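Q: Have a look at this prediction, sequence included:
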Amino acid sequence: MKALVVYESMFGNTEKLARAIADGLAETAEVTLAEVATNPPVTGYDLLIVGSPTHAFGLSRPTTRQEAERQGAKHADAGLREYLDHSPPLPGLAAAAFCSRMDKTMSGSAARKADKRLRRLGCRVVSTPAEFRVGGMTGPLLDGELDRARTWATSLLATSAKDRS
Ligand SMILES: Cc1cc2nc3c(=O)[nH]c(=O)nc-3n(C[C@H](O)[C@H](O)[C@H](O)COP(=O)(O)O)c2cc1C
């Protein structure tokens, strides 16, 4: 099983989650971890995992990335929204989305938005969108969230293997 984990991260929280997810997947899969800015091709993978921060209740946009930059983040020309919008169709590819977001009700979820895009591309979504919590606008991740991300990744392997048999 070959898995690709593509992440967007401006303050590093989603990157940490992506690394934990890649660690979990690496128990049984051959994993490639790639920042979305490198525009990684999806060809040749059995499982695609995408993750990003929640910005303005959904996936980041140029305006929200500029706002993040004003708050001290590094510059980012594009995010997961643009990556998925420019993707060729991916019929039948096993896939799942995760995001980081604040620990508040009504905070929105980038993972739910990415999940919709994966479905539109024809992916076979193997998990409900996974949301991991941070303490504020720039983080940090709450205690236990990295462990939860690793566990989520191993559960994905079980689901996609079951679906394939
Ligand atoms: C411009 C901006 C908008 C945000 N909007 C939301 C939001 O609507 N809902 C939410 O839960 N968190 C929001 N956040 C918090 C981020 O989702 C959170 O800090 C995330 O973990 C950042 O991920 P990163 O470190 O990978 O960039 C926002 C943060 C920024 C900088």
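A: That came in fine, so what should we check first? Numbering: from 1, shown residues only.

Q: what's the neighbour count on the nearest residue to G122 once chain neighbours are set aside?
A: Leaving out its chain neighbours, the residue that sits closest to G122 by Cβ to Cβ, 6 or more residues apart in numbering is P91, at 3.8 Å. Where C-beta positions appear, they are placed from N, C-alpha and C, glycine not excepted. Using other Cβ atoms under 10 Å, P91 is surrounded by 9 other residues.

Q: So P91 is in contact with R120, correct?
A: No - using Cβ atoms under 8 Å, P91 and R120 do not qualify as a contacting pair, with a distance of 11.3 Å.

Q: For the residue nearest to G122, give me the backbone phi and psi.
A: Main-chain dihedrals, P91, degrees, to the nearest 10: phi -60, psi 130.

Q: in which helix or strand would I find the residue nearest to the spatial centre of the chain?
A: Nearest to the mean C-alpha position of the chain, counting by Cα atoms, centre = their mean, stands G51 at 1.0 Å. Using DSSP states H and E, G51 sits within strand 47-53.

Q: from the chain's centre, how far out does that strand sit?
A: In terms of Cα atoms, centre = their mean, to the nearest Å, the centre of strand 47-53 is found 3 Å from the chain centre.

Q: Also stretch 66-74?
A: 20 Å.

Q: could I have that stretch exported to PDB, CA atoms only?
A: Taking Å, rounded to 0.1, in the frame of the first residue of the first chain, the C-alpha atoms of stretch 66-74 are listed here in PDB:
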ATOM      1  CA  GLN A  66      -2.600  37.200   4.000                       C
ATOM      2  CA  GLU A  67      -4.300  37.600   7.400                       C
ATOM      3  CA  ALA A  68      -2.200  34.600   8.800                       C
ATOM      4  CA  GLU A  69       0.900  36.300   7.400                       C
ATOM      5  CA  ARG A  70       0.000  39.500   9.200                       C
ATOM      6  CA  GLN A  71      -0.100  37.300  12.400                       C
ATOM      7  CA  GLY A  72       3.400  36.100  11.800                       C
ATOM      8  CA  ALA A  73       3.000  33.000   9.500                       C
ATOM      9  CA  LYS A  74       5.300  32.400   6.500                       C
END
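
Q: What helices and strands are in contact with the top helix by length along the chain?
A: The longest helix of the chain (DSSP state H) is helix 145-164. The contact analysis (3 or more Cβ pairs under 8 Å, 6 or more residues apart in numbering; DSSP states H and E) places helix 145-164 against helix 13-25, strand 47-53, strand 94-102, strand 130-134.
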